[in-house]
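Visitor: sequence below, structure please.
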Amino acid sequence: MRLRSLSLKNIRSYVDEHVDFPDGMTLLAGDIGSGKSTILLALEFALFGIQRGELSGAALLRHGARHGEVTLTLEITGKEVRITRSLKRGPNTVSQEAGNLVIDGVMTEATARELKAKVLALLNYPSGLLAKGKRPLWRYTVYTPQEEMKAIIYESADDRIDTLRKLFDIDKYKRVRENALLLIRGMRKEETGLSARIDELGKSGNDVKEIQGRCVALKERRTGVADELKVEQERLAAQQAALERLDKERFVIEELKKRMAVSKSQLDNTLERQAEVKQDLKAVDRQIAGTEQHLSPADADEQGLAALGKKLDEHEAKIKEKETGFLKKETEHRAIIKQAEAVIRSVQSLTHCPTCKQDVDDSHKKSIRDEEEQRIGQAKERLEQLAILKPELKKRRTQLDEKRAELRQKLGLVAANKEKLRTLEGLKQRRESMQKLLAQLDTYEREHRERYEKSKTELAGKKGADEEAHALLKSRVEHQRSVVEKLRVLEAELRKETESVEKELARLELQRKERARYEQELQAVQRRLSWLNKHLLNVSHAVEQAMFTSIYGLFNEYFREWFATLMEDETLSVRLDPEFTPVIVQDGYETNIDHLSGGEKTSVALAYRLSLNKAINEFLTHINTKELLVLDEPTDGFSSEQLDRVRDVLEQLKLRQVLIVSHEAQMESYVDHVIRIEKTGHESRISS
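Guide: Next comes the predicted model:
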């Protein structure tokens, strides 16, 4: 893996900067707080994204910025790779957006998690790191932040061993043992459970023969009872057949008696009905005779009466017309008189003409009064003439009313006669219906009498069954039915008992098979337990120990050599104990690391880190970050002589790219390239 360039937009103190990374040893130089470590954090963010508890988006995005972006260009196994990740500020938090990955010019859009998985695959890191919160390989083989340089040497022995297991990809052997122990624990429980189940089942072979003998005896007895039941059922069937024949004869006799009783009842009802109809027929004949006697003479001409009524209507219309004319004329003459009198009254009080406004003299008023009085006289004369004619008109009205009353009387007689004739016709029809009914009743009487006599004759030919014989036969049937029922119950009980014994035999056989199966399962579990205890645990532990021994030898050799190079103090040396804990020896005595000076502690931590890096790269040959090393302030507390010795150690690593962050100006003398970082105000820049 080789870094080529890094672009930063709104990342911490950087607004918009671009950094190129040459091969060899490169120093990121600048004052404390100038932004050197930001480049390393941006590099890590581009590769793996933000990590909870380690690298947050809020710590990377520049204050006040809504959006930030990092683009890293690098070379992996000969392929040009460009990774772009971005950050977005929301209302309450900074989130990571989807990014893209370009490999040899081919772009792939991906979510943050998908992008991390693709990068891990390119670096050939274990895929299991995708689900973990930390990046042990990257942090221990390539880049270790300044504050974590000394962390591993202060860890507990168990934590350190677990960390080394993960770094060298041999934690799988511990997981194998842990999983094997869990499996063994579960199998022990299974073994105990199987043993207990086998004990519960016990040995059932001793009881099988006894139960088989009992089953045979039950079947033989059941066969005997079944044969006896068959004989008794046949006897019962014969007795029931005889009883059924006897019952049928009794039934026929009872039916004949019922039929004869019905025929007798129908005959009696018919005779009674005949008597009633004959009596009713006599009454109808009497009503017909009475009605014929009271019919009116047929001297009324209904058509003539109708013509007379029509003439009377015409005469009444003429009279009514004259009455109307008389009344109209009388009303007109009375109105003329009333109007003339009103004119006379109005003229008498008139002094001026309402039309011409001239005075009206007495002569003019007199002429008007005379004219109106003349009209009154004429009208009264005509009223007198009308009064003379009025009695005659009234007389004619009276004569007309008398003739109309006479006509109504005659019409009433005609209507009453017609009603009597209709009544007479109805009575005659009723008499005819009754005569027909009487004839029908005569037929019914003959039919019912014939059926009655026939049933009586048939009944006389039947012999009644002996009640005592019937009762005896019925008693025998009941007794035989009781015998059959007892045999059935006995046969059912024997069948049930046989089935129970057979089920018990089946249960014992199943129990025997189940016990054999549990015994086989127990043997299989015991074989697996033996293999896990004797082979898997020992082999996994032996393989892990062999690998740890190989790692320990190489790791310890580099650690002692590079510490000696950094310190060049014959009185002070280091080594690793079997748990990879640094052991400090001073003047031939072991001492605690806390008793060392700051520079000595840094030498121990740097030698440990570089030795670990070298050991990992030599054992994990498949990872693609072996040619790169990033050191963040690795020389805290070093003297000028120790700073020169750092170069010797780094040269022994023979790496393609080494990126060092330091504010030590002395280191500029032995690095290949220097990238200077300056910060003005709150903005960092790369200076030429």
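
Visitor: strands along the stretch 451-600 of the chain, start to end?
Guide: Using DSSP state E, counting those that start in this stretch, the strands of the stretch 451-600 of the chain run over residues 572-576, 582-586, 589-591.

Visitor: highest average neighbour count across those?
Guide: Of all those, strand 572-576 has the most neighbours on average by mean count of other C-beta atoms under 10 Å, namely a mean of 18. No exception for glycine: its C-beta is placed from N, CA and C like everyone else's.

Visitor: out of the strands of the stretch 451-600 of the chain, which comes closest to Lys390?
Guide: Closest of these to Lys390 is strand 582-586, at 163.4 Å (criterion: C-beta to C-beta).

Visitor: residues contacting the closest one, please?
Guide: Applying C-beta atoms under 8 Å, 6 or more residues apart in numbering, the contact partners of strand 582-586 are 153, 559, 571-577, 590-593, 595-596, 604, 608.

Visitor: what do you get if the cut-off is 10 Å, keeping everything else the same?
Guide: Strand 582-586 has contacts (C-beta atoms under 10 Å, 6 or more residues apart in numbering) with 152-154, 160, 556, 559, 563, 569, 571-577, 590-596, 600-601, 604-605, 607-608.

Visitor: please apply the same query to stretch 678-688.
Guide: 8, 11-20, 28-31, 33-36, 38-39, 62-64, 675-677.

Visitor: drop anything exposed from those.
Guide: 8, 11-14, 17, 19, 28-30, 34-36, 38-39, 62, 675, 677 (16 or more other C-beta atoms under 10 Å).

Visitor: and Val102, which of the three is it?
Guide: At Val102 the chain is in strand, as set by DSSP: H, G, I helix; E, B strand; the rest coil.

Visitor: what is the neighbour count of it?
Guide: Other residues near Val102 number 15, with proximity taken as other C-beta atoms under 10 Å.

Visitor: what about the nearest residue to it once chain neighbours are set aside, distance to Val19?
Guide: With sequence-adjacent residues excluded and distances taken as C-beta to C-beta, 6 or more residues apart in numbering, Val102 is closest to Arg82, at 4.2 Å. To Val19, Arg82 is 14 Å away according to C-beta to C-beta, to the nearest Å.

Visitor: state which helix of this protein is the longest.
Guide: helix 362-461 (DSSP state H).

Visitor: off-centre distance for that one?
Guide: Centre-to-centre, helix 362-461 and its host chain are 84 Å apart (C-alpha atoms, centre = their mean, to the nearest Å).

Visitor: and that helix, what's its mean pLDDT?
Guide: Averaged across helix 362-461, pLDDT comes to 80.

Visitor: just checking, what packs against that helix?
Guide: On a contact count with 3 or more C-beta pairs under 10 Å, 6 or more residues apart in numbering; DSSP states H and E, helix 362-461 meets helix 205-293, helix 302-348.

Visitor: and the pLDDT for the residue nearest to Thr423 when sequence neighbours are not counted?
Guide: Nearest-residue entry for Thr423: Thr291, 5.9 Å, with adjacent residues in sequence omitted and distances by C-beta to C-beta, 6+ apart. Per-residue confidence (pLDDT) for Thr291: 75.
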